[in-house]
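[1] fold the following for me, if possible:
(one chain, ligands or ions: 1)
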Amino acid sequence: MVLEAIRYKPGSLQILNQLKLPHQEEYDEIRSAEDGWHAIKEMRTRGAPAIAIVAALALAVELQCTTLSDNAEEVRAFILEKLQYLVTSRPTAVNLADASRKLQKVVSNAAKQGGGDGKAVVKAYCDAAAQMLIDDVSDNRAIGKYGAEWITRTAAEGKVSVLTHCNTGSLATAGYGTALGVIRSLHGHGQLKRAFCTETRPYNQGSRLTAFELVHDKIPATLITDSMASALLKSQGPEERIAAIVVGADRVAANGDTANKIGTYQLAVTARFHGVKFLVAAPRTTIDLQTPSGVEIEIEERAGKEMTFVKGPRFDGVDLDVSRVETVSIAATGIDVWNPAFDVTPAELIDGIITEVGVVEKEPDGKFDLTFAMEAHNEGLKPVTIGGV
Ligand SMILES: CSC[C@H]1O[C@H](OP(=O)(O)O)[C@H](O)[C@@H]1O
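    I've put the predicted structure just below:
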């Protein structure tokens, strides 16, 4: 059974409530942009591509289930207002803002060309939002292909082991995943020895979500705490060396600096120290040429209680009782907390950016040039291969 974070059909949107995973698989109904905003804010749904898709589809189901004006301009204004509201749910991942910009263009064109018919504007919006589900999965499969080819070509011969951080799989996208898509591709081609995933405190996307996906897909995998990563790289003998650390992204700035889940930066530092390749896997909807560098990326800070409390089913020493979910404190009451959801890895520590058109490597001047990849995407040119393969 394929893991589905998002279930959509015209008039109906359901999201897998990721706060209940891995022990309870419950879907929440999303009936409006407001429902979508809260689901994203509360991280019942998360992952840079997934939050863009859920936001777009939340508005689609609202439009499909609401009696709207027949006037195209009034419908366009309504959609624009809702998109601007949805973008406020989480600031760091650019995918949401990117989707909003693209959907606004679709709606404006439909309003101009649709002869003033409001229904034509709604149809154009909903068709474009639904297309995001399809495009994301095909992008992820291409990312998986290019990433796996790059790693096996640059690693020593034989099967490779890979370390990943946070969750970038089917639970963070429309399916297959980005960095986890690279792991799926390696595994599917018999090229993966073992996947290592970090716990990814404090939300535990690794222990709760990535481990869930790896077990579900029967991929050989080992969970480590975030603090074990350097010791793991140091402990690896040549025969079981980790060939690469592959992570996702929430925003790749024009110079290649990358915002991703907190803990990514220190993985890049230890990878460089231990001579392990460090790769970012992201669709081009995550690349933001309007943000010059990582300095300009807004980093979301989340509530301290998300670090000082943990939630889970009661364990009696033998079985889990998933009907009795408890929240327990794991920190001294009164302690101050710093809880940034992301950090920024400088481009100099990144060996390649895996996109759906190929792996972007650094130019001879040691810098990334992401414009070519984006131009291919924006001009609808035949997918090109950059660097890498
Ligand atoms: C393909 S998911 C990309 C990215 O999004 C995640 O953030 P969050 O779980 O807070 O939504 C994480 O940083 C992933 O690497």
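[2] stretch 186-202 and the ligand, are they touching?
    No - applying C-beta under 6 Å from any ligand atom, one finds stretch 186-202 out of contact with the ligand, separated by at least 8.3 Å. Glycine gets a C-beta too; all of them are placed from N, C-alpha and C.
[3] tell me the mean pLDDT over that stretch?
    Over the span of stretch 186-202, the pLDDT mean works out to 97.
[4] one more: stretch 137-155?
    Taken as a whole, stretch 137-155 carries a mean pLDDT of 94.
[5] now swap in stretch 293-300 and tell me
    Model confidence over stretch 293-300, given as mean pLDDT, is 98.
[6] list the buried residues for that stretch?
    G294, I297, I299 (16 or more other C-beta atoms under 10 Å).
[7] let me see the contact set for the first one.
    Spelled out, that is G294. When contacts are counted by C-beta atoms under 8 Å, 6 or more residues apart in numbering, G294 touches A253, N255, D257, T258, A259, V344, T345, P346.
[8] switch the cut-off to 7 Å
    For G294, the contacting residues are A253, D257, A259, V344, P346, taking C-beta atoms under 7 Å, 6 or more residues apart in numbering as the criterion.
[9] now swap in the last one and tell me
    Under the criterion of C-beta under 7 Å, 6+ apart, the contact partners of I299 comprise T92, A259, P340, F342.
[10] my guess is it is in a helix, correct?
    No - residue state for I299 (DSSP: H, G, I helix; E, B strand; the rest coil) corresponds to coil; a helix is not indicated.
[11] and the residue of the stretch 151-300 of the chain nearest the ligand?
    Among the residues of the stretch 151-300 of the chain, G248 lies nearest to the ligand; the distance is 2.9 Å by C-beta to the nearest ligand atom.
[12] contact partners for that residue?
    Contacts for G248 were tallied using C-beta under 7 Å, 6+ apart; they are A48, C166, T168, A172, T178, A179, N260, A281, A282.
[13] what's the domain layout of the chain?
    The chain is divided into the following domains under automatic domain parsing: 6-137, 146-301+337-387.
[14] redo those domains as TSV? Include distance to G317.
    As requested, the domains of the chain are exported to TSV (distance: least, C-beta to C-beta, whole Å):
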stretch	distance to G317
domain 6-137	16
domain 146-301+337-387	20
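[15] mean pLDDT lowest for which of those domains?
    Lowest mean pLDDT of the domains of the chain: domain 146-301+337-387, a mean of 92.
[16] alpha carbons only: can I get stretch 353-361 in CSV?
    Taking only C-alpha atoms (Å, rounded to 0.1, in the frame of the first residue of the first chain), the coordinates of stretch 353-361 have been written out as CSV:
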residue,chain,number,x,y,z
ILE,A,353,21.9,20.2,-5.6
ILE,A,354,19.7,17.3,-7.0
THR,A,355,16.8,18.7,-9.0
GLU,A,356,14.3,17.0,-11.4
VAL,A,357,16.5,18.1,-14.4
GLY,A,358,19.8,16.9,-13.0
VAL,A,359,22.4,17.4,-10.3
VAL,A,360,23.6,21.0,-10.3
GLU,A,361,27.3,21.1,-9.4
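[17] who does the one helix or strand A259 maps to pair up with?
    Counting by DSSP states H and E, the element that carries A259 is strand 258-261. As defined by DSSP bridges, the strand partners of strand 258-261 come to strand 251-253 (antiparallel), strand 342-345 (antiparallel).
[18] which outside residues touch the first one?
    Translated: strand 251-253. Residues from elsewhere that reach strand 251-253 (C-beta under 7 Å, 6+ apart): 92-94, 258-259, 280, 282, 286-288, 291-294, 296-297, 353.
[19] now do the helix ranked longest in the chain: distance to the chain's middle.
    Within the chain, and with DSSP state H defining each element, the longest helix by residue count is helix 118-154. Computed by C-alpha atoms, centre = their mean, to the nearest Å, the chain-centroid distance of helix 118-154 equals 13 Å.
[20] give me the next element, helix or strand, following that helix.
    In N-to-C order, the element after helix 118-154 by DSSP H and E is strand 160-164.
[21] strand partners (parallel or antiparallel) of that next one?
    In the sheet containing strand 160-164, the strands it pairs with under DSSP bridges are strand 192-198 (parallel), strand 242-247 (parallel).
[22] close to the ligand: what parts of the chain are there?
    So far as C-beta under 6 Å from any ligand atom goes, the chain lies against the ligand at 46-49, 166, 168, 172-173, 178, 205, 247-250, 260-261, 341.
[23] if you set the cut-off to 8 Å instead, what comes out?
    Those residues of the chain that sit near the ligand, judged by C-beta under 8 Å from any ligand atom, are 43, 46-51, 90, 92-93, 165-169, 172-173, 177-180, 203, 205, 247-250, 259-261, 264, 281-282, 286, 300, 341-342.
[24] once you drop chain neighbours, what's closest to F278?
    Using C-beta to C-beta, 6 or more residues apart in numbering and skipping residues adjacent in sequence, the residue nearest F278 is A271, 4.1 Å away.
[25] okay, among the contacts of G248, which ones form the most distant pair?
    Across the contacts of G248, no pair lies farther apart than C166 and A282, at 12.5 Å, counting by C-beta to C-beta.
[26] ranking the strands paired with strand 258-261 by burial, who's on top?
    Using mean count of other C-beta atoms under 10 Å, the stretch among these with the largest mean neighbour count is strand 251-253, at a mean of 28.
[27] quick one: that one to chain centroid distance?
    Offset of strand 251-253 from its chain centre (C-alpha atoms, centre = their mean): 12 Å.
[28] measure W338 to I53 for me?
    For W338, the distance to I53 under the criterion C-beta to C-beta, to the nearest Å works out to 30 Å.
[29] likewise K41?
    Distance, K41 to I53, by C-beta to C-beta: 16 Å.
[30] of these two, who's got more company?
    Summary of the neighbour comparison: K41 and I53, criterion other C-beta atoms under 10 Å, with I53 having more neighbours (28 against 14).
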